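In: Requesting a structural model of the entry that follows:
(one chain, ligands or ions: 1)
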Amino acid sequence: MQLKTILNRVEPFKSFVYGKARWVEGSYRPTLEVELQARKNGRVICSGCGRPGPGYDRLPERRFEFVPLWGITVLFVYALRRVDCPTCGVTAERLPWAQGKCHLTNSYRWFLARWARRLSWQEVATVFHTSWRNVFESVKHAVFWGLCHQDLGPIEAIGVDEIQWQRGHRYLTLVYQIEDGMKRLLWVAQERTEESLRRFFQTLSEESRLSIRFVCSDMWQPYLKVIAEQLPQTVHVLDRFHIMKKMNEAIDKVRRSEAARLKRDGYEEVLKHSRWCLLKRPENRTEKQTVKLTELLQYNLQSVRSYLSREDFQRFWHYSSPAWAGKFLDHWCTRTMRSKIEPMKDVAGSLRKHRDLILNWFRARGSVSAGAVEGLNNKAKLTTRKAYGFRTYEAIEIALYHTLGKLPEPEFTHEFC
Ligand SMILES: [Zn+2]
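Out: Modelled structure (predicted):
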């Protein structure tokens with residue numbers, strides 16, 4: 001079987017034929033070159049407008065990198081024709097295997113982009129003997145294609161959240177679709193301002209916006225404001241994950257200031273290494289952490305009381321009626337307000353303030369999957385942390401859409417990976 005036969009199977013072109021293939025001697029990697037020729041009766045298509053036009057001249061030969069075969073670099077060799085287009089003037093012809101000035105074929109770009117979902121961008125570059133830049137450009141192309149061809153359709157539930165990046169100095173606003181059967185990233189923007197979120201709604205079709213029945217978010221004021229303004233018809237839920245996160249942050253604050261105070265007053269450092277045994281749920285604690293906690297419970301410490309108060313609050317999520325859950329919430333807040341523990345009082349204060357939105361959690365039960373935002377957020381954090389070698393916002397945005405956007409891809413004759 002000839003290489004030509006294989007190529008015609010995996011990458012056939014209507015107006016072009018494969019010519020001779022040759023082994024390139026003396027190149028630094030094993031390399032095959034395959035000639036491409038235009039069919040005799042094929043028309044020259046203008047790359048500007050996509051219409052056929054009269055031929056003008058021929059440009060020097062160019063090489064286009066194709067998907068490697070058995071670790072051998074495969075290059076297409078073709079001398080482009082120019083068209084004398086009545087609309088665009090003299091332009092290069094349109095090619096079915098590559099775009100513009102790009103020296104990578106479309107198939108190779110999709111190949112690299114697909115691998116970039118499984119490996120870091122640097123790993124893909126190393127494995128396929130190409131540059132980080134080529135991998136990045138391929139992923140970018142895949143994301144642009146996907147976003148242009150994406151049809152969001154009706155959306156039932158969304159979650160709004162922020163994550164930190166650049167070592168925690170900056171924020172990103174993320175919007176996810178979080179209903180059963182479809183969990184994906186819909187939007188990324190810089191910062192966590194009203195504007196970051198409002199722009200999402202500006203890109204959304206009226207049909208999609210009106211189809212949203214549930215929205216989950218944290219208690220961040222700019223988000224609350226934009227959601228109230230853009231989704232007046234929607235049940236807005238402050239979700240469990242965010243509320244418990246707030247509480248954990250409060251406990252950590254109490255622990256830190258208490259540890260500092262104990263040290264200052266010359267007490268032994270009972271709170272040393274206690275962070276995780278206070279923050280973890282009982283089922284996730286290690287044996288050592290459980291022993292540490294038992295020890296801690298002997299002291300009447302604010303940290304311990306905060307911890308117990310959070311454990312008590314877990315009962316809240318087990319109610320089925322919003323009315324009873326509301327009663328519990330009120331009692332918990334009253335108790336906590338009397339506790340004299342400032343960070344916990346702050347939590348109780350904001351829970352009181354957003355009482356209705358919190359109780360919506362019980363009204364939305366079953367329609368919004370509780371762990372969805374948390375799960376997607378963990379994946380997003382992993383993506384930003386993974387050593388992709390990116391420092392720019394553009395790269396992080398592309399990486400997030402690529403890994404979490406579930407973007408469409410074109411139909412291929414052959415699946416290269
Ligand atoms: Zn044209």
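In: going forward, measure contacts between C-alpha atoms and count neighbours the same way
Out: Noted.
In: Around the ion, which positions in this protein sit nearby?
Out: Residues of the chain lying close to the ion by CA under 5 Å from the ion are Cys46, Gly48, Cys49, Cys85, Cys88.
In: Surely the last one and Cys49 touch.
Out: Yes - contact criterion CA atoms under 8 Å: Cys88 and Cys49 qualify, at 7.3 Å.
In: Could you measure from Ser208 over to the ion?
Out: Remark: distance between Ser208 and the ion (CA to the ion, to the nearest Å) = 36 Å.
In: let me fix that: Arg133
Out: 30 Å.
In: What distance do you get for that residue to Trp121?
Out: 9 Å (CA to CA, to the nearest Å).
In: And Gly50, by the same measure?
Out: From Gly50 over to Trp121 (counting by CA to CA), the distance is 33 Å.
In: The two: which is more packed in?
Out: Taking neighbours as other CA atoms under 10 Å, Gly50 and Trp121 compare with Trp121 leading, 26 against 12.
In: Pull up the per-residue confidence for that one.
Out: Looking at Trp121, its pLDDT is 91.
In: cool, and Asn41?
Out: Per-residue confidence at Asn41 stands at 82 (pLDDT).
In: Ramachandran angles for the most far-flung residue of the chain relative to its centre?
Out: Computed with CA atoms, centre = their mean, the maximum C-alpha offset from the centroid of the chain is found at Gly266, amounting to 47.6 Å. Per-residue torsions, Gly266: phi 80, psi 10 (degrees, to the nearest 10).
In: That one and Ala260: what is the separation?
Out: Gly266 is 10 Å from Ala260, by CA to CA.
In: pretty sure Asp57 is in contact with Val83, am I right?
Out: Yes - Asp57 lies in contact with Val83 (CA under 8 Å); the separation is 7.4 Å.
In: So for these two, which sits in the more crowded spot?
Out: Neighbour totals were compared for Asp57 and Val83, and Val83 leads with 27 against 13 (other CA under 10 Å).
In: In the stretch 251-400 of the chain, which residue sits closest to the ion?
Out: Among the residues of the stretch 251-400 of the chain, Ile398 lies closest to the ion, at 31.1 Å counting by CA to the ion.
In: Return the residues in contact with that residue.
Out: Going by CA atoms under 8 Å, 6 or more residues apart in numbering, Ile398 touches Val139, Lys140, Val143.
In: Now for the last one, how many residues are close by?
Out: A count of neighbours around Val143, defined by other CA under 10 Å, yields 25.
In: And for the first one?
Out: For Val139, the tally of surrounding residues (other CA under 10 Å) stands at 27.
In: any idea how far Phe128 is from it?
Out: For Val139, the distance to Phe128 - CA to CA - is 15 Å.
In: follow-up on the earlier one: so which of the contacts of Ile398 belong to helices?
Out: Among the contacts of Ile398, the members falling in helices (DSSP state H) are Val139, Lys140, Val143.
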